[in-house]
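here is my input; please provide its structure:
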Amino acid sequence: KHFLNRAKNSPAVTDDVRISANKVPGCLSTVHVDCTLEPKSDDDDSTMVVNYFGDSDGLLTKGLLALLIRGLSGCTPEEIQMVDPTFIQAAKISQTLTPGRNNGFLNMLAVMKKKALDAAEKGSGAATADEEKEEEKEEEAAIVTSFEEID
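Have a look, this model is predicted:
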């Protein structure tokens, strides 16, 4: 119920987010996620933080995405890279999901980590339709198919 409530309360995104450069591979549902890199509002030393936004056509998957968006937004790209994907087991989230949903959750996290790195390198993480062709040529994020692959 928690994930479904998160999904229902997620902010809407525009269609320009739903491009292939923002699609998460390896999910049972169609998931799109992107981010922006912005100055931390309460910081004088110009620390940059990542803010995510995204959507899914599946309600449960949208709730899982909302959980990741809430947990990772406002963090620096470096902090995001340090997130250990096994937290899904420690938080007992993996016990409530099918193996396919667990893998999708891990793939969402992997894409979000990659987006944070890309944003830090570019200075802005939002992909545009013009950048989509360039992004398609780049190697896709690795698809996780089991917990053994994240060790």
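
scan this protein for its longest helix.
In the chain, with assignment by DSSP state H, the single longest helix is helix 99-122.

could you give the mean pLDDT of stretch 85-103?
Stretch 85-103 shows a mean pLDDT of 84.

one more: stretch 121-130?
59.

quick one: pLDDT of the residue nearest the centre of the chain?
For the chain, M112 is the residue whose C-alpha lies nearest the centre (CA atoms, centre = their mean; 3.4 Å). We have a pLDDT of 97 for M112.

dump stretch 18-26 to CSV, keeping only the CA atoms.
Presented in CSV, the C-alpha positions along stretch 18-26 are these (Å, rounded to 0.1, in the frame of the first residue of the first chain):
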residue,chain,number,x,y,z
ARG,A,18,9.4,10.1,-21.8
ILE,A,19,12.2,9.7,-24.4
SER,A,20,14.4,6.6,-24.9
ALA,A,21,17.4,8.4,-23.4
ASN,A,22,15.5,8.4,-20.1
LYS,A,23,14.1,4.9,-20.3
VAL,A,24,15.2,2.4,-17.6
PRO,A,25,16.1,-1.0,-19.3
GLY,A,26,15.2,-4.3,-17.7
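
got the buried residues for that stretch?
Neighbour-count burial for stretch 18-26, counted by 16 or more other CB atoms under 10 Å, picks out 18-19, 21-22, 24, 26. Glycine gets a C-beta too; all of them are placed from N, C-alpha and C.

please apply the same query to stretch 97-113.
97, 101-113.

I'd like the residues you listed as TSV, with distance to T47 appended.
Formatted as TSV, those follow (distance: CB to CB, whole Å):
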residue	distance to T47
L97	34
R101	34
N102	33
N103	33
G104	31
F105	28
L106	28
N107	28
M108	25
L109	22
A110	24
V111	23
M112	19
K113	18
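
hmm, back to that, which of the buried residues of stretch 18-26 sits closest to F53?
Nearest to F53 among these: N22, at 9.6 Å, using CB to CB.
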